[in-house]
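I need the structure of the sequence given here:
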Amino acid sequence: MQAWFHTLQGSYWTNAGAIGLGIVATAAIIVGLNALIGQPGIAVGAIITLFIGNPLSSLTQPKEFLPAPWGDVGQWLVPGASGTLLRDLSYFPDAATAFPWLVLAGWATAGAVLIAVGHFRNAPAIADI
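Prediction:
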């Protein structure tokens, strides 16, 4: 998207890091929910990211165009944070980007915690000999 189509501007590595963190955050929360509650976790993760996160992400319009407070709520979800981060990095380089980075890192961390909790909960207990 950056080198071939020239859609994205700015640093390639920063944009790649933002895209990668968005993918990691989405995957971690879905895998973590799957580890914690089983197959229904995949559906819960998809509902959170696709059916709730995408419409509230404000990727096609400014967040102020959504009814209050939904535009701000969408920025706390992975699609909204990753879209805002990539847009700010490409087209508004002077904009503050700490908030979307922290939101994505928080979702990735929450997913990693869910993965660990689900793994250890499902692991058989080791018998003391």
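
can you check the pLDDT for Ile129?
For Ile129, the model assigns a pLDDT of 54.

correction: the previous question concerned Gly10.
The model reports Gly10 with a pLDDT of 83.

the helix or strand in which Gly106 is found - what's its average pLDDT?
For Gly106, the element it lies in under DSSP states H and E is helix 98-122. Averaged across helix 98-122, the pLDDT comes to 93.

and that helix, what's buried?
Within helix 98-122, the residues scored as buried using 16 or more other Cβ atoms under 10 Å are 100-101, 103-104, 107-108, 111, 114-115, 118. All C-beta spots, glycine's among them, are computed from the backbone N, C-alpha and C.

how far does that helix sit from its chain's centre?
Relative to the chain's own centre, helix 98-122 is displaced by 10 Å; criterion: Cα atoms, centre = their mean, to the nearest Å.

check contacts around the nearest residue to Gly22 once chain neighbours are set aside.
Sequence neighbours aside, Ser82 is the residue nearest to Gly22 in space, at 3.1 Å (criterion: Cβ to Cβ, 6 or more residues apart in numbering). For Ser82, the contact set (Cβ atoms under 8 Å, 6 or more residues apart in numbering) comprises 18-19, 21-22, 25, 100, 104.

now do 7 Å
Neighbouring residues of Ser82 by Cβ atoms under 7 Å, 6 or more residues apart in numbering: 18, 22, 104.

any idea how far Pro124 is from the residue sitting nearest the centre point of the chain?
What sits nearest the mean C-alpha location of the chain, by Cα atoms, centre = their mean, is Val78, with 2.8 Å. Going from Val78 to Pro124 by Cβ to Cβ, to the nearest Å gives 33 Å.

tell me if I'm right that the residue nearest to the centre of the chain and Ile48 touch.
No. Counting by Cβ atoms under 7 Å, Val78 stays clear of Ile48, with 8.1 Å between them.
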